[in-house]
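> my questions concern the predicted model and sequence given below.
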Amino acid sequence: MKIAVVGKGGSGKTTTTGVLARTFARSGHATLALDCDSNPNLGISLGIGEEATERLMSVRDAVDAGTEEHASSADDLVERFGVEAPDGVRLAVVTAIQNPEPGCP
Ligand SMILES: Nc1ncnc2c1ncn2[C@@H]1O[C@H](COP(=O)(O)OP(=O)(O)O)[C@@H](O)[C@H]1O
Ligand SMILES: [Mg+2]
């Protein structure tokens, strides 16, 4: 199952996503959270702390600046850029998909 959480700034996206991800993971579901917000602070809600959250942001900045190689696949993205968060959630901060195949998003 894939769930996308969207809405205006301040409408509760990050809070809702954090609660959903942690609840699913605690229930035993393999849970991958992808933060594609322009202000990617989901790491705070997921409990990895400020420093690790900022590190994830800087990875995306590096990919966008071309100093870090774009992930070649979804698996590569999770492997190289994902971090383990409490409750068993895996989290990555993501940027635009290059050459998406039909149905990819
Ligand atoms: N269901 C809710 N009830 C009350 N306050 C909430 C609720 N969800 C989020 N908030 C508060 O609203 C503010 C914005 O939430 P946030 O999740 O950061 O929004 P977004 O990610 O959409 O910008 C935060 O201070 C958060 O604690
Ligand atoms: Mg937010």
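Done, it's in. Ligands and ions are numbered 1, 2, ... in the order given.
> could you identify the longest helix within the protein?
helix 50-65 (DSSP state H).
> now for it, which elements pack on it?
Secondary-structure packing of helix 50-65 (3 or more C-beta pairs under 8 Å, 6 or more residues apart in numbering; DSSP states H and E): helix 42-46, strand 89-93. Where C-beta positions appear, they are placed from N, C-alpha and C, glycine not excepted.
> skip ahead from it and say which helix or strand is next.
In the C-terminal direction, the helix or strand that comes right after helix 50-65 (DSSP states H and E) is helix 74-81.
> to the chain's geometric centre, what's the distance from that next one?
11 Å (C-alpha atoms, centre = their mean, to the nearest Å).
> and if you look at stretch 16-31?
With C-alpha atoms, centre = their mean, you get 13 Å for stretch 16-31.
> helices or strands next to the helix or strand of the chain with the lowest mean pLDDT in the packing?
Taking mean pLDDT, DSSP states H and E as the measure, the chain has helix 74-81 as its least confident helix or strand, at a mean of 91. Packed against helix 74-81 by the contact rule (3+ C-beta pairs under 8 Å, 6+ apart) you find strand 89-93.
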